[in-house]
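S.K.: Predicted coordinates and the sequence they were generated for:
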Amino acid sequence: MKPENIILVGVMPGPKEAKINQMNNFLEPLVDELVELYGSITMKTPEFPNGTSIHAALMCVACDISAARKTAGFTGFASTNACHICKRHFTVVAGTKENATEAEMWFCAESDAERAILEKQHGTHFSELHCLHYFDPI
């Protein structure tokens, strides 16, 4: 990636690690904009004063391991599903579709207790990044 094509969107302040809902609140405005930009918008530029169609997409997320797991919708490395790709006996590799389904189940859960059970079973929780259907957290 060329530096001129990279935009630093934000830095989450400390001193403590953000909770899942705080992370999603931080990501929500960005994801809303990315959904719109992925479809295309018309923007005036010096080269195209009448406007030109532009698209934008999230290509990667760069952060420490703990933040990366939360940002992408996975539980921490100390959970019973320590690896975000492998499940339980480290023999079955989760796919993108399976991850999205499990994240949606977590999102639709009606209580924190139900969400905790789903997190323990699947090692997944909902992230705003799941709204970007083109983005693969795995």
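M.R.: Everything's here; your move.

S.K.: A18 versus V11, what's the distance?
M.R.: Going from V11 to A18 by CB to CB, to the nearest Å gives 11 Å. Backbone N, C-alpha and C define where each C-beta goes, glycine included.

S.K.: The two: which is more packed in?
M.R.: Neighbour tally, V11 and A18, criterion other CB atoms under 10 Å: the higher count belongs to A18, 17 against 7.

S.K.: Find me the pLDDT at that one, would you?
M.R.: pLDDT recorded at A18 is 85.

S.K.: That one against S66, yeah?
M.R.: No: shown here, A18 and S66 do not form a contact pair, counting by CB atoms under 8 Å, at 9.8 Å.

S.K.: what packs against the top helix by length along the chain?
M.R.: The residue-count maximum for a helix in the chain (DSSP state H) belongs to helix 20-39. Helices and strands touching helix 20-39, as assessed by 3 or more CB pairs under 8 Å, 6 or more residues apart in numbering; DSSP states H and E, comprise helix 65-72.
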